[in-house]
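Asks: Structure, please.
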Amino acid sequence: MTSLARATASRLNGALSTGPKTAAGKAVVARNAVKHGIFAAVPVVSGECAQTWEAHRVGVLDSLQPSGALEVNLAERVALTLWRLQRLNRYEAAAIGTAVDDAGLPPPETDPFTGALNLTAVNREEHLKWLRNEYRSASESFTAFTEAVELVRGVTNGSSEALSGELIELILGWASGIVYERPLRKFDPEPPCNPTFLTAFGLPPGSVRRAPWTADLFLRALTHHADAIGQPLEAFRRELEEGLHDRAGAYAREANRLNRELTGCRRRQETWHDRAATDALLPPLDVLERISKYEKHLHNTLTSTLHELERLQARRGGAFVPPPMVADVQVTVTHEHG
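Replies: Predicted structure coming up:
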């Protein structure tokens, strides 16, 4: 329980700070927390045009045609309430636009690389560079595996055309993987990465990529791997083709995903300054509920003010003004825990 001395001290201390006293001080305080302007007490906030406000105010007064100080004050209140409702509409459009700009982009926390970046221009450019490299790598891998599928599918005996050592190296590496996955294989072929791999086909030791590959020599290498698992050459070629085709499809999907993300990041980079300015006018997330309640409050204020103004104008015109058929009632519910 609070003692009498503490209660007296609290009352005296509270009396020492009751806000600004001068007109200049009150004007400064009136602009406190005018970041987004939705709850601002002044008609025009930073980012809005005073001339637009004045044209809006004059237009509303011309529409309502008030007469006398009381009606003019009510009409001014209508103009201000409509102005604030328009501000809420602009906020909603900006918030939706920001969300649309980010659509399709993964949340930063799902990607450790992206999450490690901050919003500085250098790191945004580094992220774009990283995405471009990843996209180029995936696209090149898709092309390589697609060409490998075509080579496995179309190679025939007797062709004198020289074959790409890079493609042969890729295909034989995949063929070795098929063999080493079979627990009942007859023998272990020499891995293509070993310099002695070529000696099994009468070639001197060296790099698979630089060897003089022909169709006959390539088919001999495939037959060598097929024999290791006791499989006919054509069945082994079909299995090899399917595996290469599946990997090509995976790289195609990865390239498409990276391209979408790259496009989104480029768009976000190009519009970053505009979005930063927009974000500066947006309220923090913890006031969204207040904004919804505020919009309802503005609507109620507008409705009741218009009703009051209409009754005054009708009375001024000599018409009989009965009590309102609809009562403008506002209810505030206070919960036990606030």
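Asks: What lies in contact with the helix or strand containing Ser63?
Replies: Per DSSP states H and E: Ser63 is located in helix 50-64. For helix 50-64, the surrounding residues in contact (Cβ atoms under 8 Å, 6 or more residues apart in numbering) are 43-44, 71-72, 75-76, 78-80, 82-83, 309. (C-beta placed from N, C-alpha, C; glycine too.)
Asks: try 10 Å this time
Replies: Contacts to helix 50-64, defined as Cβ atoms under 10 Å, 6 or more residues apart in numbering, come from residues 42-45, 49, 66, 71-72, 74-83, 86, 306, 309-310, 313.
Asks: now for the helix or strand just after it, which elements pack on it?
Replies: The C-terminal neighbour of helix 50-64 among helices and strands, as given by DSSP H and E, is helix 68-101. For helix 68-101, the elements it packs on are helix 50-64, helix 233-270, helix 272-281, helix 288-316, judged by 3 or more Cβ pairs under 10 Å, 6 or more residues apart in numbering; DSSP states H and E.
Asks: So for helix 68-101, what gets flagged as buried?
Replies: Within helix 68-101, the residues that qualify as buried are 71, 74-84, 87-88, 90-91, 94-95, 101, counting by 16 or more other Cβ atoms under 10 Å.
Asks: And stretch 298-318, by the same measure?
Replies: 298, 301-302, 304-306, 308-309, 312-313.
Asks: Export the helix holding Ser63 to CSV, keeping only CA atoms.
Replies: Once non-C-alpha atoms are left out, helix 50-64 reads as follows in CSV (Å, rounded to 0.1, in the frame of the first residue of the first chain):
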residue,chain,number,x,y,z
ALA,A,50,-0.2,21.8,-48.6
GLN,A,51,-1.7,23.0,-51.9
THR,A,52,-3.5,19.6,-52.3
TRP,A,53,-4.9,19.9,-48.8
GLU,A,54,-6.1,23.4,-49.4
ALA,A,55,-7.8,22.4,-52.7
HIS,A,56,-9.4,19.5,-50.9
ARG,A,57,-10.6,21.7,-48.1
VAL,A,58,-12.1,24.3,-50.4
GLY,A,59,-13.8,21.6,-52.5
VAL,A,60,-15.5,20.1,-49.5
LEU,A,61,-16.7,23.5,-48.2
ASP,A,62,-18.0,24.3,-51.7
SER,A,63,-19.9,21.0,-51.7
LEU,A,64,-21.4,21.5,-48.3
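Asks: what's the average pLDDT for that helix?
Replies: In this model, helix 50-64 has a mean pLDDT of 89.
Asks: Would you mark the buried spots in that helix?
Replies: Buried residues in helix 50-64 (16+ other Cβ under 10 Å): 53, 56-57, 60-61, 64.
Asks: could I get those as JSON lines with distance to Glu161?
Replies: Shown next, in JSON lines, are those (distance: Cβ to Cβ, whole Å):
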{"residue": "Trp53", "distance to Glu161": "77"}
{"residue": "His56", "distance to Glu161": "77"}
{"residue": "Arg57", "distance to Glu161": "82"}
{"residue": "Val60", "distance to Glu161": "82"}
{"residue": "Leu61", "distance to Glu161": "87"}
{"residue": "Leu64", "distance to Glu161": "87"}
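Asks: so where's the stretch 151-300 of the chain uncertain?
Replies: 272-288, 291 (pLDDT under 70).
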